[in-house]
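Engineer: missing the sequence, but the structure's below:
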DNA sequence: CGCGGTGTTGAAAATTGTCAATAATTGTGG
DNA sequence: CCACAATTATTGACAATTTTCAACACCGCG
């Protein structure tokens, strides 16, 4: 039983004691600086599955880090069409590109019961004197987000549906492994519709492509329980089009 | 004759005297702060048409602003396929998401003879004490970049080719107007191949779609000389899927 | 003046989307 | 806890869009 499954529901833990610390806070700080970092996160918010990080919660005066759970970022167009532009797991930043005024167009929804850490930028400014590389760390987080979006544009702009799905599965596997979970047996948090929107194809095409992978013995799949059987074959389909590092 | 066409070739102008100042520097500064901003840009670099902002020029220790000209950002995949993920005009930031190590995968090329301003992040840190909102301004620039990428993902993920091309033309028009140029008569700096890659379709499809718009009297087009005739029709095709503000 | 890169257009092929029917699963309220 | 409804997922047949392949025209530049 993986203890990590329980820990994140605790709302009052200090950053310095958090298992995700290395993912979202600057490294190489001395003890004093590390302790000061604890004051950065002013609160943690529970978001129930299906609910949005939005309105009362969400503001462009703060940044957010996923402490536990999983989110999707969705852009809504005037005509009602939605586009999923990202999925976000623990340790990842949320909504860096979204401004308050944009709230109506862009929403961030929890795919399962989740917890986010809130870091107001005024706190960042306050602490920047004490810790020189805090600002550059924030810039780093922005850069990571931009790189992530670049990789999304890559498959949206230049891959066929098999390449898109294979790339999606492999990226998912990598990001699960980076969090200490199995990269082989994965419990998908998102629907086929979400995957389809994210990949810029229709959900029927996602189903068909997954069915093809199952037939070819590349994966096993039962509803949202995924098992990757043949990584090598998936890689050759994805053409190694993987940018996550 | 528009004077702006000449001014940007001057390399030694102070930021406080630059016509693009309001686009790339924080607003609301007092005179003293404004003058200090002048020391932010340590150099300006000319890049000839077809050359890259890269290698000796490019580093993740600095950020870059287009002073004059036009650039494209291209991600290269392992198999040689390229994906244009953005075009950048004067006043816009360059390469915020790109790290040095990524140099081989991502390049930024000048579409015409251009000039960029170089702002080392160490200068930003230095000046941050004197000007409180400099850091938040830098974050603003990152946020603008992320929003831009979101709008790219929107058409890549959810639009057919007519919608993509119409959206592209209208965004181009808006960004030209924002710079004081005509939003009706536009001189395209990029090839059909670049447009195609950016829009995630083939160049033949771009040609055909443009031909269709010409037949329908939505635009005039002679090679790279574009005239938008019927904005309303283009808007209704694009479904107002325009995110630039 | 010719050559390489760029741009246009046509016809056929391939991929993906659309529509529809059905099954399985989850959520909800009595 | 069951039954019903709503959502999610799969699959097939057909339609539509986009790509592919090919031929040709055109500019611009040495």
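Structural biologist: Looks like it arrived, so ask away. Note that the structure is a prediction, hence the values are computed from the model and not measured.

Engineer: mind listing what's buried in stretch A:19-33?
Structural biologist: Neighbour counts over stretch A:19-33 (16 or more other CB atoms under 10 Å in any protein chain shown) mark A:19, A:20, A:21, A:23, A:24, A:25, A:26, A:29, A:33 as buried. C-beta here means a position set from N, CA and C on the backbone, and glycine is covered the same way.

Engineer: ok, the fifth one - contacts?
Structural biologist: Residues near residue A:24 by CB atoms under 8 Å, 6 or more residues apart in numbering or on different chains: A:65, A:91, A:93, A:117, A:141.

Engineer: The third one and residue B:151: what is the separation?
Structural biologist: Look at residue A:93 and residue B:151: by CB to CB, to the nearest Å, they are 20 Å apart.

Engineer: Tell me the span between the first and last residue of stretch A:73-86.
Structural biologist: Stretch A:73-86 has an end-to-end distance of 5 Å (criterion: CA to CA, to the nearest Å).

Engineer: any residue of it up close to chain B?
Structural biologist: Yes. For stretch A:73-86 and chain B, the contact criterion (CB under 8 Å from any CB of the partner chain) is met by A:75, A:77, A:78, A:79, A:81, A:82, A:83, A:84, A:85.

Engineer: What average pLDDT does that stretch get?
Structural biologist: Over the span of stretch A:73-86, the pLDDT mean works out to 87.

Engineer: How about the residues of chain A by DNA strand D?
Structural biologist: For chain A, the residues found near DNA strand D under the criterion CB under 7 Å from any atom of the strand are A:191-193, A:203-204, A:206-208, A:210-211, A:221, A:223-224.

Engineer: Who has more neighbours out of residue A:93 and residue B:151?
Structural biologist: The residue with more neighbours, out of residue A:93 and residue B:151 and counting by other CB atoms under 10 Å in any protein chain shown, is residue A:93; that gives 22 against 18.

Engineer: and the more buried one, what is it in contact with?
Structural biologist: For residue A:93, the set of contacting residues under the criterion of CB under 8 Å, 6+ apart consists of A:24, A:63, A:64, A:65, A:66, A:141, A:144, A:145.

Engineer: One more: residue A:182?
Structural biologist: Residue A:182 makes contacts with residue A:176, as judged by CB under 8 Å, 6+ apart.

Engineer: Checking my notes, it in a helix, right?
Structural biologist: No. In this structure, residue A:182 is coil, not part of a helix, as judged by DSSP: H, G, I helix; E, B strand; the rest coil.

Engineer: so what's it scoring on pLDDT?
Structural biologist: The model reports residue A:182 with a pLDDT of 96.

Engineer: do you know how far it is from residue A:226?
Structural biologist: From residue A:182 across to residue A:226, the span is 10 Å (CB to CB).

Engineer: Could you do residue A:90 as well?
Structural biologist: When CB to CB is applied, the distance between residue A:90 and residue A:226 equals 19 Å.

Engineer: Who has more neighbours out of the two?
Structural biologist: Set side by side, residue A:90 and residue A:226 give different neighbour counts by other CB under 10 Å, the larger being at residue A:90 (25 against 19).

Engineer: So the more buried one: helix, strand or coil?
Structural biologist: Using three-state DSSP, the secondary structure recorded for residue A:90 is coil.

Engineer: Tell me what residue A:186 is bridged to.
Structural biologist: Beta-bridge pairing of residue A:186, defined through DSSP bridges, involves residue A:226.

Engineer: so how many other residues sit close to it?
Structural biologist: Residues within reach of residue A:186, counting by other CB under 10 Å, total 21.

Engineer: okay but it is in contact with residue A:176, surely?
Structural biologist: Yes. Between residue A:186 and residue A:176 there is a contact at 5.7 Å, judged by CB atoms under 8 Å.
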